[in-house]
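Asker: give me the fold of what follows.
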Amino acid sequence: FIALVILLAGIVIGTTGIDTMDARFGSLVDEQGLSQQGETISGRIETWQDCLDIITDFPLTGSGLGTFFAIYPAYKTITSETPVRQVHNEYLEMATDGGFIAIALIAVFLLLLLRKNYLLYRQRRDSFVRHLYLGTQTGIIALLLHSITDYQFRQTSAVPLYFFFLLGLQTVAVHSRQSTSGRTCLLTKSTLNSTVRAMVCAGLVALIPLTILFHSGEMIGLASFDQPVSGESDLFNFGQDTDQPTLARWQQQAERAAKYDPLNPIYRTALAYTAQALGQDEQAKQAYTAALKLDPVSANTLQLYGEFLSSQGEGDEAQRFFEASVERDRNARERQLVYAYWLLGQGYVDKGITVAKAMLEHYPDLAESFLGMLSNSPLPPELIPQTMPDRGAPRIVYAGLLEKAGELDAAATAYDLALSFADK
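Answerer: Now for the predicted structure:
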């Protein structure tokens, strides 16, 4: 058996290539055995640590199945702006999505089934049956171990299908025996009466058309809408100078997509955005409200709705939604930039200065963009230095802009002040 395993490993390595495997591990681990992001392999440990906060907030039922990608930005501590779509740990993601109840149900199911199969395996004497059990058990353990560092059960339906195939094959194996005569299946007849069996079968059959209907709606929605719907960052490419007929066409497409895929909030947001651009304020407000009912943690929709409310003169309410959008997406630099600029432009000076300082403290490279935006805002120039944190980099940028503007004395003072923070 050991010789067979070594032979199979040699075949895999020979087929894949040692260079390919080395390159794969080299992309995950640097020379010190650690990745460059957060000093852990691929930043996964930081993500796992963030998941503990989600579990603390939703211990019993989790945040909802399939909601990790939506809720994680509010808990993300890694400074990278790359979206984290999966936990890379099936157990942690199930805990964040389904809570203690989901973990308990899965654990009880697997423990009871595997324990019973093992006890029956101990009773079998047929060589074929025993080897079949060991083979399926090896596959099951391998998949469960791999789930610690990856999300294989969520990547493709083939993996969970194969996992349950192994469970089923193992169950059949321990309930079988080789025999030239007599009964080979040792399974006992089900004690469920015919009515219960009929109801279970009817329920399973009913799921088939419902599943087809649901996914057909998704496909029709995707085919109906021109704009990308894979993620928030690339959702809208309308532009400020999009003509009215094009906006009207996109609005009709969004209405059709929302009709056939009513649970997808992106189409509601698109409908709101186009209605806003066309001056249909009441329809835009209704669509934004509908989108946020479907996805109340969408930072993108929260920010767009805040911008809409601001255009309607509802400044205090708009501030609430802007702030919520930043809280729901901690490491979105541009979102913080827009919020700080909006606060200062709308007269919320104290709050704006606080937000701007915190933003430039974490992202000093945004100083040039932010200061360029402030040049077109109503903020008095003498207040601009107050938006700078006690760091050298953003203050040097500010001094450079003063120098370009010909304000040499002010630039010299700003340079001196920047140098005093050179070590920060």
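Asker: point out where this structure drops to low pLDDT.
Answerer: 1-42, 81, 178-183, 190, 227-241, 423-424 (pLDDT under 70).
Asker: 80 instead, please
Answerer: Applying pLDDT under 80 to the chain flags residues 1-43, 79-83, 177-194, 226-242, 375-376, 421-424.
Asker: what residue is smack in the middle of it?
Answerer: Residue closest to the average C-alpha location in the chain (Cα atoms, centre = their mean): residue 69, at 2.0 Å.
Asker: so that one makes contact with residue 83?
Answerer: Yes: the criterion here is Cβ atoms under 8 Å, and residue 69 meets it with residue 83 at 7.3 Å. Backbone N, C-alpha and C define where each C-beta goes, glycine included.
Asker: for residue 326, give me its contacts.
Answerer: By Cβ atoms under 8 Å, 6 or more residues apart in numbering, residue 326 lies in contact with 299, 332, 335, 336, 339, 355.
Asker: switch to 10 Å and redo it
Answerer: Contact analysis of residue 326 by Cβ atoms under 10 Å, 6 or more residues apart in numbering lists 74, 299, 302-303, 306, 332, 335-336, 338-340, 355, 358-359.
Asker: that older thread, what sits against the residue nearest to the centre of the chain?
Answerer: Residue 69 touches 83, 84, 85, 86, 87, 231, counting by Cβ under 10 Å, 6+ apart.
Asker: report the buried members of those residues.
Answerer: For those, a burial check counting by 16 or more other Cβ atoms under 10 Å picks out 84, 87.
Asker: could you identify the most distant pair in the contacts of residue 69?
Answerer: 87 and 231 (17.6 Å; Cβ to Cβ).
Asker: helices - which of the contacts of residue 69 land there?
Answerer: Assignment to helices by DSSP state H places none of those there.
Asker: of the contacts of residue 69, closest to residue 317?
Answerer: Distances from residue 317 to the contacts of residue 69, taken by Cβ to Cβ, are shortest for residue 231, at 27.0 Å.
Asker: phi and psi next, for residue 202.
Answerer: Phi and psi for residue 202, reported as degrees, to the nearest 10, are phi -60, psi -40.
Asker: all further residue positions should be reported with the first residue as 47.
Answerer: Fine by me, first position is 47 from now on; the one you just mentioned is residue 248.
Asker: just the buried positions in stretch 91-98, please.
Answerer: So, applying 16+ other Cβ under 10 Å, buried residues of stretch 91-98: 92, 93, 94, 96, 97.
Asker: how about the contacts made by the last one?
Answerer: Think residue 97. 114, 118, 121, 133, 135, 137, 138, 139, 141, 142.
Asker: quick one: the closest residue to the second one other than its chain neighbours from residue 119, how far?
Answerer: Read that as residue 118. The shortest distance from residue 118 to any non-neighbouring residue, by Cβ to Cβ, 6 or more residues apart in numbering, is to residue 130 (5.7 Å). Using Cβ to Cβ, to the nearest Å, residue 130 is found at 8 Å from residue 119.
Asker: list the residues that contact residue 165.
Answerer: Applying Cβ under 10 Å, 6+ apart to residue 165 gives the contacts residue 220.
Asker: can you give me phi and psi for it?
Answerer: Torsion angles, degrees, to the nearest 10, at residue 165: phi -60, psi -40.
Asker: repeat that for residue 222.
Answerer: phi -130, psi 160.
Asker: check contacts around it.
Answerer: Counting by Cβ under 10 Å, 6+ apart, residue 222 makes contact with 166, 170, 172, 174, 175, 178, 229, 230, 231, 232, 233.
Asker: check contacts around the second one.
Answerer: The neighbours of residue 170, taking Cβ under 10 Å, 6+ apart as the test, are 176, 178, 179, 219, 220, 221, 222, 223, 224, 232.
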